[in-house]
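J.: sequence below, structure please.
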Amino acid sequence: MLSGRERALFIAHTGTFAALLAAGSWISVPFVPVPLTLQTLFLFLAAGFMGRYAVVPVLLFLLLGALNFPVFHNGAAGIGVLLGPTGGYLLGFVPAAFVSGMCYEHRSWQARWAGMGAGASIYYSCGIAWLAYSSGLSLPAAILVGAVPFVPGDLLKAFAAYTVTNRVSRITGVNTRRGEQ
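T.: Numbers count the residues shown, from 1 in each chain. All right, here's what the predicted structure looks like:
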């Protein structure tokens, strides 16, 4: 059971990271068929701060988008976005957040980096598979347009998330994933 402080921190983190995921989707560079956004940065930050529970703000973000709140890239909203070419990436954020968060609960930098790599592999796999299916692209073509251009940026975002969570942990003396001293 969560104490009052832990519950408050969980609620604050959930709201903050759901809002950051939405804000990250508005910071968008139009690529076709998948735009470049900052959502993966905030996905990795949520994993670093919340561990396996990073799934909760991701689910809240997806629920808000499905309910027509303009939280997807460039203010898009609705089930149509989830069924469109980017839907696989967005739905892949759920298992990616869980896996990245689980690995981030370990103290070793190797486990944390492996978790972010595994998380990225998951959302890329879901996204590429759905992109190929929904747009009629061949699998190699879907990889070429749906993954290759984004890998360098995702490496930078993973590095930034890793650096931020470690610095916050060191500066505050608080274990970012559990709120422990």
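
J.: tell me the contacts of the nearest residue to residue 137 once chain neighbours are set aside?
T.: With C-beta to C-beta, 6 or more residues apart in numbering as the measure, residue 131 is the residue that lies nearest to residue 137, at 6.4 Å, once sequence neighbours are left out. In short, each C-beta sits where N, CA and C put it, glycine included. In this structure, residue 131 makes contact with 33-34, 85-86, 88-89, 137, 142, 145-146, judged by C-beta atoms under 8 Å, 6 or more residues apart in numbering.

J.: how about the helix or strand hosting residue 131, which residues are buried there?
T.: Assessed by DSSP states H and E, residue 131 sits inside helix 109-135. Buried positions in helix 109-135, judged by neighbour count with 16 or more other C-beta atoms under 10 Å: 112, 114-117, 119-120, 122-128, 130-132, 134.

J.: okay, the residue nearest to residue 137 and residue 99: tell me how far apart.
T.: As defined by C-beta to C-beta, to the nearest Å, residue 131 lies at a distance of 21 Å from residue 99.

J.: center of this protein - which residue?
T.: Within the chain, the residue whose C-alpha comes closest to the C-alpha centroid is residue 43; the distance, by C-alpha atoms, centre = their mean, is 2.6 Å.

J.: after the lowest-mean-pLDDT helix or strand in the chain comes which helix or strand?
T.: Among the helices and strands of the chain, strand 28-29 carries the lowest confidence by mean pLDDT, DSSP states H and E, at a mean of 76. Once strand 28-29 ends, the next helix or strand along the chain (criterion: DSSP H and E) is strand 36-37.

J.: great, nothing more from me.
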